[in-house]
Each structure stands twice: as C-alpha cells, then as structure tokens.
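Trainee: could you look at this predicted model? Sequence included:
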Amino acid sequence: MASDRMATQALLDWWHGKRGERAMPSRTELDPIELKAILPNLLLIDVAPAPSGSGHAFSCRLAGTEIDDRFGLRLTGLSLDQMPLGEARSVIQQQYETAIAEVRPVFCTHSLMMGDRYVEYDRMVVPLSDAAGQVTALAAALDFKCAYLLDNGQPPNCTHPDHCDRIDRCLSRTPLP
C-alpha cells in the first residue's frame with residue numbers, strides 16, 4: 001500500500017520524465033514494470049467522446065487491488081456513471097475534463113461515501129495520448145488516508161486514530177496488538 005503521497009508523487013514523477021518536451025506521454029509508454037511499486041494504487045481510465053457530443057465519457061480499464069479493496073467494489077469495466085460516487089461524481093468528472101482540456105496533471109483530495117464505505121484519499125490524474133497526440137487515457141494514482149465501513153450511514157467512531165489508514169483494523173474493529 002502506498003502512503004504519504006508515495007503513489008501520487010511517483011505517478012507525477014513518471015509523467016514528467018516520460019513526456020520530456022512533449023505535452024504528455026503516450027499511453028503506450030505506460031509500462032507496469034516502471035510503476036510496479038504503485039500498481040495497487042493505480043487506475044487506468046479510457047477517454048472517449050461523450051455520446052451527447054459534449055465532454056467525454058470515462059471508463060475504468062484497470063483498477064489496482066488497493067483501490068478495489070478500499071472502495072469495496074471492483075471498478076475495472078465500470079464507467080464513471082456506473083460508479084456509486086454520489087455527489088462526488090460531477091466533481092470527479094470535471095477534474096478529468098480539466099486534465100484533458102489543459103493537458104496537465106490534476107491533484108485533488110476527496111472525502112466521499114461509496115456504497116457502504118467512507119473513503120478519504122488524495123489523487124493525481126495525468127493525461128496520456130495516442131499516436132496522434134490526442135488524450136485517449138488518464139492514469140490516476142490514489143493515496144488513501146482512511147477507508148472504513150459505514151455504521152447506519154455514519155462513520156463509526158475510530159478507537160485507533162493513529163491507525164486510521166488501516167482499513168483491515170477499521171473493518172474488523174480488532175484491538176491493536
């Protein structure tokens with residue numbers, strides 16, 4: 001598991017290193033071996049024109065295991081519209097659109113309820129191009145701060161605030177050794 005902005009910083013460093021003098025690196029340059037340390041915290045998002053003709057449609061091509069574990073949901077194959085993001089969906093959509101329109105990394109912090117989970121994380125989103133230089137994918141790295149099951153729609157009281165980033169402890173509510 002990545003922590004202390006390790007995944008977001010690693011993705012940003014990779015993106016700057018790969019793009020060189022270009023606006024952005026190509027999707028084909030994304031080598032899992034180079035990003036091995038952050039694969040559990042990495043998302044690969046396909047970008048396509050929206051059917052309405054305005055904006056883009058986003059779908060999750062690949063989600064790391066840490067992301068799926070924290071959200072309690074397999075994101076691979078889901079479109080942004082299919083994800084239970086609630087009110088955060090429009091904000092996330094706009095962040096993705098900004099990364100595309102401005103061809104730049106976008107850093108953000110989210111606190112949201114996703115299904116039966118409360119999740120807090122930092123995220124870095126970077127655009128990736130096709131051979132023609134058009135944005136066709138986004139890569140995102142997430143650094144989780146907290147994730148736990150909701151108790152009757154409310155976050156439960158955490159009895160171990162110094163271990164808030166340990167979902168295994170929050171979900172099982174086991175005492176610390």
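Mentor: Structure's in. What do you need? The model shown is predicted, which means the values in this text are computed figures rather than measured ones.
Trainee: how near is residue 66 to residue 12?
Mentor: 18 Å (Cβ to Cβ, to the nearest Å). For every residue, glycine as well, the C-beta is placed using N, CA and C.
Trainee: of the two, which one has the most company?
Mentor: residue 66 (21 against 16; other Cβ atoms under 10 Å).
Trainee: how far away from the center of its chain is stretch 71-87?
Mentor: In terms of Cα atoms, centre = their mean, to the nearest Å, the centre of stretch 71-87 is set 11 Å apart from its chain centre.
Trainee: and for stretch 94-109?
Mentor: Stretch 94-109 sits 12 Å away from the centroid of its parent chain (Cα atoms, centre = their mean).
Trainee: residues contacting that stretch, please?
Mentor: By Cβ atoms under 8 Å, 6 or more residues apart in numbering, the list of residues contacting stretch 94-109 from outside reads 8, 12, 15, 23-24, 45, 47, 55-56, 58, 80, 120-127, 135, 138.
Trainee: which among those end up buried?
Mentor: 8, 12, 15, 24, 45, 47, 56, 58, 80, 120-127, 135, 138 (16 or more other Cβ atoms under 10 Å).
Trainee: those residues in strands, which ones?
Mentor: Residues of those located in strands (DSSP state E): 45, 47, 56, 58, 120-127, 135, 138.
Trainee: from residue 28, how far out is residue 120?
Mentor: Here residue 120 is placed at a distance of 33 Å from residue 28 (Cβ to Cβ).
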